[in-house]
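Trainee: the following block contains a protein sequence and its predicted model.
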Amino acid sequence: MENKIINRDHQTANKVFDDRSLERDYATLIPLLREGLKVLDVGCGTGAISSGIAALVGPSGTVTALDNTEKFISSGKETYKDTVNLTLIHSDLFNYQVDEKYDLIVSARTLQWLSNPLEALKKMKSMLKPGGIVSILDYNHEQLEWQPSPPESMQHFYSAFLKWRADAGMNNHIADDLAGYFREAGFQDIQVFNSDEVYEKKDPGFSARIGIWSKVANLKQIVEEGYLTEEQRLKAIEDYDQWVEDTAERMTMKLNEVRGFSFHQAPDSDHQ
């Protein structure tokens, strides 16, 4: 996709993607899924959520999952090789061409990385059947809440991270702008669902979930492009990991699911 090149730590990112599930990480989508649907998942990572979608659309349905990072697709093909109605493809959304259109197109936590999310939505709309649905799940990074406040070194890293993203044309509050993008792209019956991720110390896997920001801080590109020093980056990781272990109580990541129909038609009972 037409964006800043991001040199991801693939091993770390694989683990993050593999730990995701439809039920935990895209639960608002589940009521839309029914047997026989033809689904496209854009920005699927290693395909963990895609596999959950495939299970619910059943053998009469199909899921095609795209990601523009080849290593993620290769990993997913091995992990989900027995999921016969799931096809993982290494492709950019804008280069992907289809002969048959889709009932449902989904994309979780992907448009936040694009400098042209409106164009992405227009492309998705062009691949829908009449009455088809696009569902987008994404963040407002500007409203991230930590309780109590994390170390100053991580706060400094996070500010640098948001500036790096904004300077590259990425929308740090895209969750709140998605409905407007949908309208501009010509969708109808636009619906917004709050999907905030809330992690509390009592929850299983709390440290791993809240520790996502140490993994994000592995993004050395922020140092290479002059947004902070290597020493600052490493200190942010060290201090944050200690804070997660000793002090952290809660983190809330603001997240919305927004969906729209390809023409003006109220959803039928299967879409409730």
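Mentor: Looks like it came in fine.
Trainee: report the contact partners of Glu197.
Mentor: Going by C-beta atoms under 8 Å, 6 or more residues apart in numbering, Glu197 touches 25, 209, 251-253, 255. Where C-beta positions appear, they are placed from N, C-alpha and C, glycine not excepted.
Trainee: with neighbour count as extra columns, can I get those residues in JSON lines?
Mentor: Shown next, in JSON lines, are the contacts of Glu197 (neighbours: other C-beta atoms under 10 Å):
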{"residue": "Asp25", "neighbour count": "19"}
{"residue": "Arg209", "neighbour count": "19"}
{"residue": "Met251", "neighbour count": "22"}
{"residue": "Thr252", "neighbour count": "15"}
{"residue": "Met253", "neighbour count": "21"}
{"residue": "Leu255", "neighbour count": "22"}
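Trainee: tell me the one of these nearest Leu137?
Mentor: Closest to Leu137 out of these is Leu255 (6.6 Å), distances taken as C-beta to C-beta.
Trainee: my read: the closest one touches Ala175, true?
Mentor: Yes. Using C-beta atoms under 8 Å, Leu255 is in contact with Ala175, at 6.1 Å.
Trainee: where exactly do the helices run in the stretch 51-200 of the chain?
Mentor: Taking DSSP state H, counting those that start in this stretch as the test, the helices found in the stretch 51-200 of the chain are 70-79, 117-126, 152-167, 174-184.
Trainee: where along the stretch 1-150 of the chain do the strands fall?
Mentor: For the stretch 1-150 of the chain, the strands defined by DSSP state E, counting those that start in this stretch occupy 38-42, 62-67, 86-90, 102-108, 128-147.
Trainee: for Thr247, which of those is the nearest?
Mentor: Here strand 128-147 is closest among the strands of the stretch 1-150 of the chain (C-beta to C-beta), at 9.8 Å.
Trainee: got the contact list for Asp25?
Mentor: By C-beta under 8 Å, 6+ apart, the residues touching Asp25 are 49, 108, 197.
Trainee: what's the neighbour count on the second one?
Mentor: Counted with other C-beta atoms under 10 Å, residues neighbouring Ala108 total 24.
Trainee: go on, Glu257?
Mentor: For Glu257, using other C-beta under 10 Å, the count is 22.
Trainee: what score does Val192 have for pLDDT?
Mentor: For Val192, the model assigns a pLDDT of 97.
Trainee: you'd agree it is up against Glu257?
Mentor: Yes. The pair Val192 / Glu257 is scored as a contact, 7.5 Å apart, by C-beta under 8 Å.
Trainee: check contacts around the spatially most central residue of the chain.
Mentor: Centroid check for the chain by C-alpha atoms, centre = their mean gives Arg109 as the closest residue, at 1.5 Å. Residues in contact with Arg109 (C-beta under 8 Å, 6+ apart) are 43, 137-139.
Trainee: rerun at 6 Å
Mentor: Asp138 (C-beta atoms under 6 Å, 6 or more residues apart in numbering).
Trainee: hmm, back to that, tabulate the strands of the stretch 1-150 of the chain (JSON lines), appending distance to Tyr227.
Mentor: Listed next are the strands of the stretch 1-150 of the chain as JSON lines, based on distance: least, C-beta to C-beta, whole Å:
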{"stretch": "strand 38-42", "distance to Tyr227": "28"}
{"stretch": "strand 62-67", "distance to Tyr227": "26"}
{"stretch": "strand 86-90", "distance to Tyr227": "30"}
{"stretch": "strand 102-108", "distance to Tyr227": "26"}
{"stretch": "strand 128-147", "distance to Tyr227": "15"}
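Trainee: of those, which is nearest Ser74?
Mentor: Between the strands of the stretch 1-150 of the chain, strand 86-90 lies closest to Ser74; by C-beta to C-beta that is 7.9 Å.
Trainee: now that closest one: how far from the chain's centre is it?
Mentor: Centre-to-centre, strand 86-90 and its host chain are 17 Å apart (C-alpha atoms, centre = their mean, to the nearest Å).
Trainee: list the buried residues of it.
Mentor: By 16 or more other C-beta atoms under 10 Å, the buried positions in strand 86-90 come out as 86-88.
Trainee: which other helices and strands contact it?
Mentor: helix 48-57, strand 62-67, helix 70-79 (3 or more C-beta pairs under 6 Å, 6 or more residues apart in numbering; DSSP states H and E).
Trainee: looking at the ones you listed, which is nearest to Ala185?
Mentor: Checking these against Ala185 by C-beta to C-beta gives strand 62-67 as the closest, at 18.6 Å.
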